[in-house]
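Take this sequence and fold it.
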Amino acid sequence: MPSELSAAAFVERLTALASGGQRVRMRQVFDLAAEFVGMEPDELEKLLDAQSHEARVGAVSIMGKQATRKRTPETRRKELFELYLRRTDRINTWDLVDVSAHHVIGGYLFDKPRDVLYELARSEDWWERRIAMFSTLHFIRKGELDDTFALAEILVEDEHEMVQTVTGGMLREAGKHDRPRLLAFLDRHAARMPRRGLRDAIEHLDHDQRAHYRSLRQAE
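Below is the predicted model:
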(Lines give C-alpha, C1' and ligand atoms only; values in the text may rest on other atoms or scores of the structure.)
Protein backbone atom coordinates (compact mmCIF):
# COMPACT_ATOMS: atom_id res chain seq x y z
CA MET A 1 0.00 0.00 0.00
CA PRO A 2 1.37 3.45 -0.83
CA SER A 3 2.73 5.17 2.26
CA GLU A 4 0.76 8.29 1.39
CA LEU A 5 -2.45 6.37 2.26
CA SER A 6 -1.25 5.25 5.68
CA ALA A 7 -2.60 6.21 9.08
CA ALA A 8 0.76 7.81 9.88
CA ALA A 9 0.58 9.98 6.79
CA PHE A 10 -2.95 11.08 7.67
CA VAL A 11 -1.89 12.06 11.20
CA GLU A 12 1.11 13.89 9.79
CA ARG A 13 -1.16 15.91 7.51
CA LEU A 14 -3.48 16.67 10.43
CA THR A 15 -0.55 17.85 12.51
CA ALA A 16 0.51 20.17 9.70
CA LEU A 17 -2.99 21.66 9.58
CA ALA A 18 -2.71 22.41 13.29
CA SER A 19 0.69 24.09 13.01
CA GLY A 20 0.94 27.42 14.73
CA GLY A 21 -1.67 26.43 17.29
CA GLN A 22 -4.57 26.68 14.87
CA ARG A 23 -7.64 24.59 15.53
CA VAL A 24 -8.35 22.06 12.80
CA ARG A 25 -11.87 22.54 11.44
CA MET A 26 -14.06 19.55 10.73
CA ARG A 27 -14.38 20.65 7.11
CA GLN A 28 -10.62 20.28 6.80
CA VAL A 29 -10.77 16.79 8.31
CA PHE A 30 -13.48 15.73 5.87
CA ASP A 31 -11.55 17.14 2.93
CA LEU A 32 -8.45 15.27 4.07
CA ALA A 33 -10.51 12.09 4.41
CA ALA A 34 -11.56 12.46 0.78
CA GLU A 35 -7.89 12.45 -0.22
CA PHE A 36 -7.29 9.27 1.82
CA VAL A 37 -10.47 7.47 0.71
CA GLY A 38 -8.48 4.48 -0.57
CA MET A 39 -6.97 3.66 2.84
CA GLU A 40 -6.92 -0.06 3.64
CA PRO A 41 -8.85 -1.44 6.64
CA ASP A 42 -5.72 -2.27 8.64
CA GLU A 43 -4.56 1.33 8.36
CA LEU A 44 -8.06 2.57 9.18
CA GLU A 45 -7.91 0.58 12.41
CA LYS A 46 -4.60 2.24 13.25
CA LEU A 47 -6.22 5.60 12.61
CA LEU A 48 -9.09 4.71 14.92
CA ASP A 49 -6.49 4.02 17.61
CA ALA A 50 -4.89 7.46 17.19
CA GLN A 51 -4.99 9.76 20.20
CA SER A 52 -6.65 12.76 18.59
CA HIS A 53 -10.39 12.98 18.11
CA GLU A 54 -9.84 14.55 14.69
CA ALA A 55 -7.94 11.45 13.56
CA ARG A 56 -10.83 9.24 14.61
CA VAL A 57 -13.25 11.54 12.79
CA GLY A 58 -11.02 11.08 9.75
CA ALA A 59 -11.12 7.31 10.12
CA VAL A 60 -14.90 7.02 10.25
CA SER A 61 -15.27 9.62 7.50
CA ILE A 62 -13.01 7.55 5.22
CA MET A 63 -15.01 4.45 6.13
CA GLY A 64 -18.25 6.17 5.23
CA LYS A 65 -16.88 7.50 1.96
CA GLN A 66 -15.57 4.07 0.98
CA ALA A 67 -18.84 2.40 1.89
CA THR A 68 -20.86 4.72 -0.36
CA ARG A 69 -18.56 4.73 -3.41
CA LYS A 70 -20.15 2.88 -6.30
CA ARG A 71 -16.88 1.18 -7.21
CA THR A 72 -16.28 -0.19 -3.72
CA PRO A 73 -16.67 -4.00 -3.88
CA GLU A 74 -19.01 -5.83 -1.53
CA THR A 75 -16.03 -7.57 0.04
CA ARG A 76 -14.62 -4.21 1.15
CA ARG A 77 -18.01 -3.05 2.46
CA LYS A 78 -18.10 -6.19 4.56
CA GLU A 79 -14.59 -5.52 5.87
CA LEU A 80 -15.60 -1.99 6.84
CA PHE A 81 -18.77 -3.26 8.51
CA GLU A 82 -16.84 -5.83 10.52
CA LEU A 83 -14.12 -3.36 11.49
CA TYR A 84 -16.73 -0.84 12.63
CA LEU A 85 -18.49 -3.35 14.87
CA ARG A 86 -15.20 -4.70 16.22
CA ARG A 87 -13.96 -1.24 17.18
CA THR A 88 -17.00 0.49 18.59
CA ASP A 89 -14.77 1.16 21.60
CA ARG A 90 -13.19 3.88 19.41
CA ILE A 91 -16.46 5.07 17.83
CA ASN A 92 -17.86 6.26 21.12
CA THR A 93 -18.96 9.88 20.69
CA TRP A 94 -22.14 11.15 19.06
CA ASP A 95 -20.34 12.85 16.18
CA LEU A 96 -18.25 9.79 15.30
CA VAL A 97 -21.45 7.75 15.12
CA ASP A 98 -23.36 10.33 13.10
CA VAL A 99 -20.61 10.75 10.51
CA SER A 100 -20.61 7.09 9.65
CA ALA A 101 -23.10 4.61 11.08
CA HIS A 102 -25.78 5.07 8.41
CA HIS A 103 -23.23 4.57 5.64
CA VAL A 104 -21.08 1.75 7.03
CA ILE A 105 -23.67 -0.19 9.04
CA GLY A 106 -27.00 0.83 7.56
CA GLY A 107 -25.76 0.72 3.98
CA TYR A 108 -24.25 -2.73 4.37
CA LEU A 109 -27.33 -4.17 6.07
CA PHE A 110 -29.87 -2.74 3.66
CA ASP A 111 -30.31 -6.03 1.76
CA LYS A 112 -29.37 -8.31 4.68
CA PRO A 113 -30.78 -9.48 8.02
CA ARG A 114 -30.57 -6.73 10.62
CA ASP A 115 -30.44 -8.71 13.86
CA VAL A 116 -27.20 -7.01 14.87
CA LEU A 117 -29.01 -3.70 15.21
CA TYR A 118 -31.25 -5.18 17.89
CA GLU A 119 -28.22 -6.56 19.70
CA LEU A 120 -26.63 -3.11 19.62
CA ALA A 121 -29.88 -1.52 20.82
CA ARG A 122 -29.65 -3.62 23.98
CA SER A 123 -25.98 -2.85 24.59
CA GLU A 124 -24.80 -1.42 27.90
CA ASP A 125 -22.82 1.20 25.95
CA TRP A 126 -24.87 4.20 24.91
CA TRP A 127 -22.85 4.77 21.73
CA GLU A 128 -23.69 1.27 20.51
CA ARG A 129 -27.36 2.00 21.12
CA ARG A 130 -26.95 5.22 19.17
CA ILE A 131 -25.25 3.31 16.33
CA ALA A 132 -28.24 0.96 16.16
CA MET A 133 -30.74 3.77 15.74
CA PHE A 134 -28.69 6.10 13.56
CA SER A 135 -27.91 3.27 11.15
CA THR A 136 -31.59 3.21 10.21
CA LEU A 137 -31.27 6.63 8.57
CA HIS A 138 -30.11 4.76 5.48
CA PHE A 139 -33.29 2.68 5.53
CA ILE A 140 -35.48 5.74 6.09
CA ARG A 141 -33.98 7.44 3.07
CA LYS A 142 -34.94 4.35 1.06
CA GLY A 143 -38.49 4.49 2.40
CA GLU A 144 -38.10 1.54 4.80
CA LEU A 145 -39.34 2.44 8.28
CA ASP A 146 -40.01 -0.82 10.10
CA ASP A 147 -36.64 -1.07 11.85
CA THR A 148 -36.70 2.57 12.94
CA PHE A 149 -40.02 2.14 14.70
CA ALA A 150 -39.10 -1.29 16.09
CA LEU A 151 -35.82 -0.03 17.55
CA ALA A 152 -37.59 3.05 18.91
CA GLU A 153 -39.87 0.69 20.86
CA ILE A 154 -36.74 -0.68 22.55
CA LEU A 155 -35.07 2.69 23.14
CA VAL A 156 -38.11 4.87 23.83
CA GLU A 157 -37.31 5.27 27.55
CA ASP A 158 -33.52 5.22 27.30
CA GLU A 159 -31.88 7.20 30.10
CA HIS A 160 -28.95 8.56 28.08
CA GLU A 161 -29.44 11.90 26.35
CA MET A 162 -27.42 10.86 23.29
CA VAL A 163 -29.80 7.94 22.75
CA GLN A 164 -32.88 10.04 23.45
CA THR A 165 -31.90 12.59 20.80
CA VAL A 166 -31.17 10.02 18.08
CA THR A 167 -34.38 8.12 18.82
CA GLY A 168 -36.44 11.29 18.60
CA GLY A 169 -34.53 12.43 15.52
CA MET A 170 -35.02 9.20 13.61
CA LEU A 171 -38.73 9.15 14.54
CA ARG A 172 -38.98 12.68 13.15
CA GLU A 173 -37.29 11.61 9.91
CA ALA A 174 -39.50 8.53 9.62
CA GLY A 175 -42.52 10.74 10.17
CA LYS A 176 -41.68 12.65 7.01
CA HIS A 177 -42.48 9.47 5.10
CA ASP A 178 -45.39 8.19 7.19
CA ARG A 179 -46.98 10.79 9.46
CA PRO A 180 -49.85 8.54 10.65
CA ARG A 181 -47.37 5.91 11.80
CA LEU A 182 -45.42 8.51 13.77
CA LEU A 183 -48.61 9.81 15.38
CA ALA A 184 -49.65 6.27 16.30
CA PHE A 185 -46.26 5.70 17.93
CA LEU A 186 -46.57 8.96 19.87
CA ASP A 187 -50.10 8.10 20.96
CA ARG A 188 -48.70 4.97 22.59
CA HIS A 189 -45.45 6.33 23.98
CA ALA A 190 -45.37 10.12 24.28
CA ALA A 191 -46.40 10.09 27.93
CA ARG A 192 -43.28 8.14 28.89
CA MET A 193 -40.74 9.47 26.42
CA PRO A 194 -37.93 11.59 27.89
CA ARG A 195 -38.54 15.26 27.15
CA ARG A 196 -35.49 15.59 24.91
CA GLY A 197 -36.48 12.67 22.70
CA LEU A 198 -40.11 13.78 22.52
CA ARG A 199 -39.09 17.30 21.55
CA ASP A 200 -37.08 16.00 18.61
CA ALA A 201 -39.76 13.53 17.53
CA ILE A 202 -42.52 16.18 17.36
CA GLU A 203 -40.39 18.95 15.87
CA HIS A 204 -42.12 18.92 12.47
CA LEU A 205 -45.68 18.50 13.73
CA ASP A 206 -48.05 21.45 13.76
CA HIS A 207 -48.44 23.63 16.85
CA ASP A 208 -51.55 21.93 18.22
CA GLN A 209 -50.10 18.45 17.78
CA ARG A 210 -46.88 19.42 19.54
CA ALA A 211 -48.87 20.93 22.40
CA HIS A 212 -51.00 17.78 22.66
CA TYR A 213 -48.05 15.41 22.95
CA ARG A 214 -46.21 17.68 25.37
CA SER A 215 -49.33 17.73 27.54
CA LEU A 216 -49.37 13.93 27.65
CA ARG A 217 -45.77 13.96 28.87
CA GLN A 218 -46.52 16.59 31.52
CA ALA A 219 -49.65 14.87 32.72
CA GLU A 220 -47.90 11.61 33.55
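
Compute the number of surrounding residues for Phe30.
By other Cβ atoms under 10 Å, 16 other residues sit near Phe30. To be clear about C-beta, it is placed using only N, CA and C from the backbone, and glycine gets the same treatment.

for Arg192, same thing?
Close neighbours of Arg192, defined as other Cβ under 10 Å, add up to 12.

same question, Tyr118
13.

Show which residues not belonging to the host helix or strand of it make contact with it.
Assessed by DSSP states H and E, Tyr118 sits inside helix 115-121. In this structure, residues lying in contact with helix 115-121 by Cβ atoms under 8 Å, 6 or more residues apart in numbering are 85, 105, 109, 128-129, 131-133, 135-136, 147, 150-151, 154-155.

Please parse the chain into its domains.
Listed domain ranges for the chain are 1-99, 113-220 (source: automatic domain parsing).

As CSV, the ones you listed with mean pLDDT would be great.
Putting the domains of the chain into CSV (pLDDT from 0 to 100) gives the following:
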stretch, mean pLDDT
domain 1-99, 94
domain 113-220, 96
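
so how far is the helix holding Tyr118 off the chain centroid?
Relative to its chain's centre, helix 115-121 lies at 14 Å (Cα atoms, centre = their mean, to the nearest Å).

same thing with stretch 27-35?
Distance, centroid of stretch 27-35 to centroid of chain: 18 Å (Cα atoms, centre = their mean).

Gln51: what secondary structure?
Look at Gln51: counting by DSSP: H, G, I helix; E, B strand; the rest coil, its state is coil.

can you pull the contacts of it?
So Gln51 contacts nothing (Cβ under 8 Å, 6+ apart).

what do you get for the one 4 residues further on?
Residues in contact with Ala55 (Cβ under 8 Å, 6+ apart) are 7, 10-11, 14, 47.

how would you label it: helix, strand or coil?
From three-state DSSP, the assignment for Ala55 is helix.

Tell me if I'm right that Arg130 and Gln164 touch.
No. With contacts counted by Cβ atoms under 8 Å, Arg130 stays clear of Gln164, the gap being 9.9 Å.

who has more neighbours, these two?
Neighbour count, other Cβ under 10 Å: between Arg130 and Gln164, Arg130 has more, with 30 against 25.

In which helix or strand does that one reside?
Applying DSSP H and E, one finds Arg130 within helix 126-135.

Which strands or helices does that helix pack on?
Packed against helix 126-135 by the contact rule (3 or more Cβ pairs under 8 Å, 6 or more residues apart in numbering; DSSP states H and E) you find helix 94-101, helix 115-121, helix 146-155, helix 161-177.
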